[in-house]
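1. Sequence and predicted structure, then a few things I'm wondering about:
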Protein chains: 2
Amino acid sequence: MAHATQSPDAYDALLDHYETITGLGGAAGILSWDQEVMMPEGGTPARSTQKSAVSTVRHDLLTDQQVADWLDDLADADLTDEQAAVVREIRREHERAARVPSDLIADLSEKTSEAHPKWKQAREEDDFSIFAPVLEDLIDLKREYANHIDPDADAYEVLFADYEPYLDLDTAERVLERLRDELVPLIADIRDSDVTLADPFAGSQFDVDTQEDLARDVLDTLGYDWEHGRIDTAPHPFSSGTPFDARVTTRFDPEKPVDALLSTIHEFGHARYTLGLPRAEYGTPLGESRDLTVHESQSRLWENHIGRSPAFWEAFLPEMKTQFPQVEDATPQAAFEAANEIFEDNLIRVEADELTYHMHIVVRFEIERELIEGDLDVADVPEAWNDKYEEYLGVRPETDAEGCLQDIHWSQGSIGYFPTYSLGSVLAAQIFAALEADIGPVDERVREGDFDVVGDWLESNVHQHGARYTTPDLVREATGEAFTADYFLDHVHEKYGELYDL
Amino acid sequence: MAHATQSPDAYDALLDHYETITGLGGAAGILSWDQEVMMPEGGTPARSTQKSAVSTVRHDLLTDQQVADWLDDLADADLTDEQAAVVREIRREHERAARVPSDLIADLSEKTSEAHPKWKQAREEDDFSIFAPVLEDLIDLKREYANHIDPDADAYEVLFADYEPYLDLDTAERVLERLRDELVPLIADIRDSDVTLADPFAGSQFDVDTQEDLARDVLDTLGYDWEHGRIDTAPHPFSSGTPFDARVTTRFDPEKPVDALLSTIHEFGHARYTLGLPRAEYGTPLGESRDLTVHESQSRLWENHIGRSPAFWEAFLPEMKTQFPQVEDATPQAAFEAANEIFEDNLIRVEADELTYHMHIVVRFEIERELIEGDLDVADVPEAWNDKYEEYLGVRPETDAEGCLQDIHWSQGSIGYFPTYSLGSVLAAQIFAALEADIGPVDERVREGDFDVVGDWLESNVHQHGARYTTPDLVREATGEAFTADYFLDHVHEKYGELYDL
């Protein structure tokens, strides 16, 4: 372990420069939040100019020759562990950005601008062929992009590393295969089961304004820090911000109050992570979250291991009844069952449950990987997609709109992103097990309304590390073990085995 | 008139570069709007980093050596009038920014950060001496700043040009002296008058949520384009944005529904100007508003010449009565009188009326000018301030808090800003007279609920020109005359002479 007593000049200069980069990233975050939540529809042209200006200058600062020079100076410098982590993160970001020619960045940006309306039109007209040509171009460009970053590596692996830099693709693949192999039969068993779960929320209407009050109540209950956050509605819920200001969004359906609650709890998990990052390190990688896998582990932990637990419904249902008298006869067990129903015939990822969700991910992972590797033609995507749904979920989409056109990600050039959704869920179970091993059963605390114990443990064991450790090291630091799907699979086998009498 | 058929390469490169500068300016605007309207309180540290990052990179782009080179290339180029206007505006902005050393910018920024809490504390404790030392430093720095921009010019004139670059300070001074000389006796006459204006709103409470509905109604009535705007509440109402997204804010007092309406109408005037700028020119100076004088002329025209007119109250009072039955017996004449009461004993600028307002401006103008010129010591500001209030308004502040500490501007380093408030009101009257000379009496249209005729005329004759013309040329283009206070003085003598039986 190195113990530098003073930081080298190049280190200070680099940190100073990186603080501006962080500030620009945060500015871009506010521009996007505002666009989704507040901006009047006609504001798009100016907003595009603003976002493009901020991202261009951020890219220029990141790839600046000065950064390369400082990093060179620091290559053999005597650095503390923390300083070395800072340099590792900035070096990685700098090198990836610097290897991609500006022209290609511009081409990609132009192509995604073109792709979005094509995807929208294709989905509206339920005709994949409208989207196919631009998707083909995008895949070529993404392949080229990956090739610039690392000509010797598997292109999909390079793309995946944009979202999850430190868990290698083999690990991801092994986990996804295991999920497929174990969940496909579990889902089939559930389909064959005679059990029907209770749903005390079915058949009633739930006023949307009251649902919004309830969303605030649940955030209060979980310990959301309103001094550093807010909640709003957005068509596609998300969370974004900084350790000083981490906001959540949610959405409401008058027939599905449980969905809105679980979505709010999910976004709370993201925001709680951001708020738990060390504020004093804001502006450096030590104050930044680890990547998408770890972020998703935090949202899924709160959603699945708290929000979908029997204890949560014991604690929170009484509050819900004061707002919605139409469920005053519901028992906590019935509410718990409603929050855990497996939707056997669902085709849509964002409406999926804790189990079938992963099959949506596996399908897209397998398909996008074959596309990048050139083993699948874009024209053949719909059939491949539908075949896989039939095989893994026992249900075949009848249209492209409810099939391969359902998600926006490809039109945005996001390829390699999806696996992190499943990896995050898997990691959530592992971290939750470590938490319980440390502090005892969480159910008892939750029944008493003590949620802080969970947030505080996560803050100490995950959040406070920022991006100091790589993902595998962070997993080991927080759980004492290497990344594994064991806990997740145990969790779902036990829970759904019991619920569906398997 | 030059007629270039093709734009020089340097021109295209400059425009491209300037579009990024515009985008960054817009991003800074959203960061500020969000901070005033949406941001949770704890977000300040990250927001400061974000704003400082955006303004630093914007300043770097503006002062870039490339910009100087392109401007050199274009010095003798064959340009169209519009191109020449673009180059004139960018050159002016570049030269002023480039002349000020970065160290001084940093010193000013640091000193204003220090000044704000000192000013706040001084106001809270009603003790000017807490603020005095930092104000003294700020004045020294602003003098130094002016000296870098133009060592041969009067320092106050240089500072004034930050806010109003094209109306020279002599003009401003002449106008302010004339306002003082004519309004002081007019206000004295009103004080001596036996007339008491009606106030049908006094003594009732007006629900704040209903006031917000009414603010939306008045914006609908005036023709606000919701596709490109929104309204929110903010402690200090303002308007900001782009031609694609120009937002207004307002505030509500349960006892003062007319104040909230007039404030909303005022901010509508600013937003209407921004929305009337040519969208196709966004990203160039041709798509930008002329400076603070012209901006304020637009807000004051709507506030004073529409919102404070008898016809407006004939048109809008019925709507107000449906929302507030407590004023169902009010006549339009009574409401009009309430909107035009002169507050003889008011000491606070932001609560002032159409006449006494300008005395607040004159006092601060005279004092800040003497401060910059070294003719007044900071320590003597409170006494000088109170003496002037007594002389011009017949009322003496008893505390510094309600005297020279009332406004935030000095603590932000804004010196030379205030005169534009009065110049804008004066110009509003001149433009309104030109409008009526062109399309006939506006009262008749307003009574019929036709406000678009006003917005459309302003758009064609003022807004559409962006920053193509300098302020004096724009005034001449829109009104056929040089800038003059005649119309304003005629307007107030006539209106208040009639209201107060003078």
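-> Noted; the coordinates are in hand. Not measured: the values here are computed from a predicted model. Residues are numbered from 1 along each chain as shown, chains lettered A, B, ... in the order given.
2. Pull up the gap between the residue most central in space within chain A and residue B:478, please.
-> Per C-alpha atoms, centre = their mean, the C-alpha nearest to the average position across chain A is that of residue A:296, at 4.2 Å. Separation of residue A:296 from residue B:478 (C-beta to C-beta, to the nearest Å): 57 Å. In short, each C-beta sits where N, CA and C put it, glycine included.
3. Over to residue A:281?
-> In terms of C-beta to C-beta, residue A:281 sits 54 Å off from residue B:478.
4. more neighbours, those two?
-> residue B:478 (24 against 18; other C-beta atoms under 10 Å in any protein chain shown).
5. Next up, the contacts around that one.
-> By C-beta atoms under 8 Å, 6 or more residues apart in numbering or on different chains, the contact set of residue B:478 is B:431, B:434, B:461, B:462.
6. Confirm the residue nearest to the centre of chain A sits in a strand?
-> No - assessed with DSSP: H, G, I helix; E, B strand; the rest coil, residue A:296 is helix; it does not lie in a strand.
7. so who does it touch?
-> Contacts of residue A:296 (C-beta under 8 Å, 6+ apart): A:420, A:421, A:423, A:424, A:425, A:427, A:428.
8. what about 10 Å?
-> Each residue near residue A:296 by C-beta atoms under 10 Å, 6 or more residues apart in numbering or on different chains is listed here: A:164, A:266, A:269-270, A:273, A:303, A:420-428.
9. before we move on, what about residue A:126?
-> Neighbouring residues of residue A:126 by C-beta under 10 Å, 6+ apart: A:398, A:399, A:400, A:401, A:402, A:403, A:405.
10. excluding its backbone neighbours, what's nearest it?
-> residue A:401 (4.3 Å; C-beta to C-beta, 6 or more residues apart in numbering or on different chains).
11. cool, residue A:94 as well?
-> In space, residue A:94 is closest to residue A:67, 5.1 Å off (C-beta to C-beta, 6+ apart).
12. Distance of the one you found relative to chain B?
-> Here the criterion is C-beta to the nearest C-beta, to the nearest Å. By it, residue A:67 lies 15 Å from chain B.
13. how many other residues sit next to that residue?
-> Residue A:67: 23 neighbours (other C-beta under 10 Å).
14. my guess is it contacts residue A:61, does it?
-> Yes - if you go by C-beta atoms under 10 Å, residue A:67 and residue A:61 touch, sitting 7.7 Å apart.
15. Would you mind listing the residues touching both of the two?
-> Shared contacts of residue A:67 and residue A:61, counting by C-beta under 10 Å, 6+ apart, come down to A:17, A:18, A:21, A:94, A:97.
16. quick one: which of those is nearest to chain B?
-> Minimum distance to chain B across those is 7.8 Å, recorded for residue A:21 (C-beta to the nearest C-beta).
17. Where does the closest one fall, secondary structure wise?
-> Taking DSSP states H and E as the definition, residue A:21 sits inside helix A:9-37.
18. what separates that helix from the chain centre, distance-wise?
-> Taking C-alpha atoms, centre = their mean, to the nearest Å, one finds helix A:9-37 lying 21 Å from the centre of the chain it belongs to.
19. cool, and stretch A:229-238?
-> Distance, centroid of stretch A:229-238 to centroid of chain: 15 Å (C-alpha atoms, centre = their mean).
20. and the helix or strand bottoming out on mean pLDDT in chain A, C-alpha only, in CSV?
-> Least confident helix or strand of chain A, by mean pLDDT, DSSP states H and E, is helix A:102-124 with a mean of 91. In CSV, the C-alpha atoms belonging to helix A:102-124 read as follows (Å, rounded to 0.1, in the frame of the first residue of the first chain):
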residue,chain,number,x,y,z
SER,A,102,-14.9,12.8,-33.4
ASP,A,103,-16.3,12.0,-36.8
LEU,A,104,-17.6,8.7,-35.6
ILE,A,105,-19.2,10.3,-32.5
ALA,A,106,-20.9,12.8,-34.8
ASP,A,107,-22.1,10.0,-37.1
LEU,A,108,-23.5,8.0,-34.2
SER,A,109,-25.2,11.0,-32.8
GLU,A,110,-26.7,11.8,-36.2
LYS,A,111,-27.8,8.2,-36.7
THR,A,112,-29.5,8.0,-33.3
SER,A,113,-31.3,11.2,-34.0
GLU,A,114,-32.6,9.6,-37.2
ALA,A,115,-33.3,6.3,-35.6
HIS,A,116,-35.6,7.6,-32.9
PRO,A,117,-38.5,8.8,-35.1
LYS,A,118,-38.1,5.7,-37.3
TRP,A,119,-38.4,3.4,-34.3
LYS,A,120,-41.4,5.3,-33.1
GLN,A,121,-43.1,5.1,-36.5
ALA,A,122,-42.3,1.4,-36.9
ARG,A,123,-43.8,0.7,-33.5
GLU,A,124,-46.9,2.8,-34.2
